[in-house]
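Q: Structure here, sequence nowhere to be found:
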């Protein structure tokens, strides 16, 4: 490892240099991506191989057995930040293996920058063509054409995520759902409505910008959505709570009033869905464009869209920012008793088999292997091996939008203006992911000062058939918590005016106001009847 760490810069800064005539860094980045995408599909450094480590194509016993997860990704566990850190390191090593690209470093898409909030994606990720060595080539950062088919062979599940050789990944507003004949027909019809690439990029950028900067106005005061969620996660007091949605959901369910933790995984999920195919709630008709199913919106193929790695590089930058803010750059601990540190189901029932070869009964900790990644010495990566990115992995981050938050003092809020005083917490639970196809959104509304106001949305990055994913089976319940505001005179809002909507790929499930499903206190809360939408609401 070089004594001088390489620097992961903002992609926008690299693109700005290119536009000013300093073209080498962006050209070499494009050259490296072009190189790994052109390697044979079975080459260990090929993008098909590396992108496929996240989910599809499934492998080993998980290829057909629904009791095993055929991918490797960690979601909803304490390994979420560290597993993806090792994943980025492996992809970066592949980029640097391409001739002439030994100094290439993976940039991050700075999602909280003013530019991203106003304009969406850097154009390097969306332009159709790029001039490299005097030749006009298809931009390798925009999409990926499959050199081989991926075939969904999990027994007893609908064949939804099979994709043929020659399939090209897509983003919002397009659809990439082509697993069945009915899907192919519907997708072809849907995509025919969006033939203009330039206009499609505008749809995508507008959607991303709205998700990042979308504001919630309550009692005449503005609050942020995704942007402020990134800020909030930096104040998580422990790595366990910072790392994943399972841990924060459990903590928020029992925390004292006024305490509300946000994990890194939550705003991460938002951006997957913004790129993959969901509109921002409260804008327009508050629904996804019917039929929009981009690859980033589903875990099965998210890793096969190049943007995945620029997105996750930012997530790793946020992770490092949290470490600097909390004084945890050299060490942190994992709470072994936390539900996010195991694969157990909430009721204590063990999962039927292992995930990607892991022991389903294991307690996840600093020494748990981050399969399938190995270090330069050939030994398996663990979280303990990638805590300090500079000393252990040989890179640091360049200038980014959250640098001020690396200080260990409380910073000013991202959004200008005072925050409306908050009252109780609303908890939505008992949403069974196994009953919903694909990713979905949980949104809440309430009557504040006599007006129906939007309280926010929580993203659930899921799969089309969770019955084919062991990790999903052990985390079937989706939950969400929302801080309830007060009226302008600081009185509590009328809880009968609270509404909750679950926006799925297929429909909107609603629990309307006045449904009589709310009760004060943690212990008492009504539950839906079999004929009603099956989720539970409670306030505390």
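A: Thanks, I have the structure now. Worth saying up front: this structure is predicted, and the values here are computed from it rather than measured.

Q: Now the phi/psi pair for residue 499, please.
A: When read as degrees, to the nearest 10, the backbone of residue 499 gives phi -130, psi 150.

Q: which stretch of helix or strand covers residue 205?
A: In the assignment (DSSP states H and E), residue 205 maps to helix 197-213.

Q: could you say what helices and strands that helix packs with?
A: helix 114-119, helix 226-233, helix 265-276 (3 or more C-beta pairs under 8 Å, 6 or more residues apart in numbering; DSSP states H and E). In short, each C-beta sits where N, CA and C put it, glycine included.

Q: mind listing the strands in the stretch 1-150 of the chain by residue range?
A: Assigned strands in the stretch 1-150 of the chain, in chain order: 6-8, 129-132, 135-138 (criterion: DSSP state E, counting those that start in this stretch).

Q: tell me the most buried of those?
A: Among the strands of the stretch 1-150 of the chain, ranked by average contacts under mean count of other C-beta atoms under 10 Å, first place goes to strand 6-8 (a mean of 18).

Q: what residue ranges in the stretch 251-400 of the chain are flagged as low confidence?
A: Low-confidence segments of the stretch 251-400 of the chain, defined by pLDDT under 70, span residues 255-259, 278-290, 344-360.

Q: can I get the helices and strands packed on helix 197-213 in JSON lines with mean neighbour count and distance to residue 7?
A: Shown next, in JSON lines, are the helices and strands packed on helix 197-213 (neighbours: other C-beta atoms under 10 Å; distance: least, C-beta to C-beta, whole Å):
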{"stretch": "helix 114-119", "mean neighbour count": "17", "distance to residue 7": "19"}
{"stretch": "helix 226-233", "mean neighbour count": "23", "distance to residue 7": "21"}
{"stretch": "helix 265-276", "mean neighbour count": "26", "distance to residue 7": "23"}
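
Q: would you turn the ones you listed into a markdown table with distance to residue 492?
A: A markdown table is the format used below for those (distance: least, C-beta to C-beta, whole Å):
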| stretch | distance to residue 492 |
| --- | --- |
| helix 114-119 | 33 |
| helix 226-233 | 23 |
| helix 265-276 | 26 |
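
Q: Select, out of the ones you listed, the one closest to residue 88.
A: Nearest to residue 88 among the helices and strands packed on helix 197-213 is helix 265-276 (13.2 Å), distances taken as C-beta to C-beta.

Q: What angle do helix 226-233 and that closest one make with each other?
A: Put simply, helix 265-276 runs at 160 degrees to helix 226-233, going by axes from the mean of the first three to the mean of the last three C-alpha atoms, to 10 degrees.

Q: Contacts for stretch 127-140 next, please.
A: 27, 30, 31, 33, 34, 37, 124, 141, 142, 197, 306 (C-beta atoms under 8 Å, 6 or more residues apart in numbering).

Q: which residues sit in contact with the first one?
A: In this case it means residue 27. 18, 132 are the contacts of residue 27 under C-beta under 8 Å, 6+ apart.

Q: Quick check: it vs residue 140, distance?
A: Going from residue 27 to residue 140 by C-beta to C-beta, to the nearest Å gives 12 Å.

Q: Repeat that for the fifth one.
A: Residue 34 is 5 Å from residue 140, where distance means C-beta to C-beta.

Q: now swap in the last one and tell me
A: Separation of residue 306 from residue 140 (C-beta to C-beta): 7 Å.

Q: which neighbours do the two share?
A: residue 33.

Q: ok, which stretches of this structure are helices?
A: Secondary structure of the chain by DSSP state H: the helices cover 11-19, 24-38, 47-51, 80-96, 114-119, 181-192, 197-213, 226-233, 239-243, 245-254, 265-276, 307-326, 470-473.

Q: what's around the residue lying closest to residue 61 once chain neighbours are set aside, how many residues?
A: In space, and not counting its chain neighbours, residue 61 is closest to residue 68: 4.7 Å by C-beta to C-beta, 6 or more residues apart in numbering. Residues lying near residue 68 (other C-beta atoms under 10 Å) number 24.
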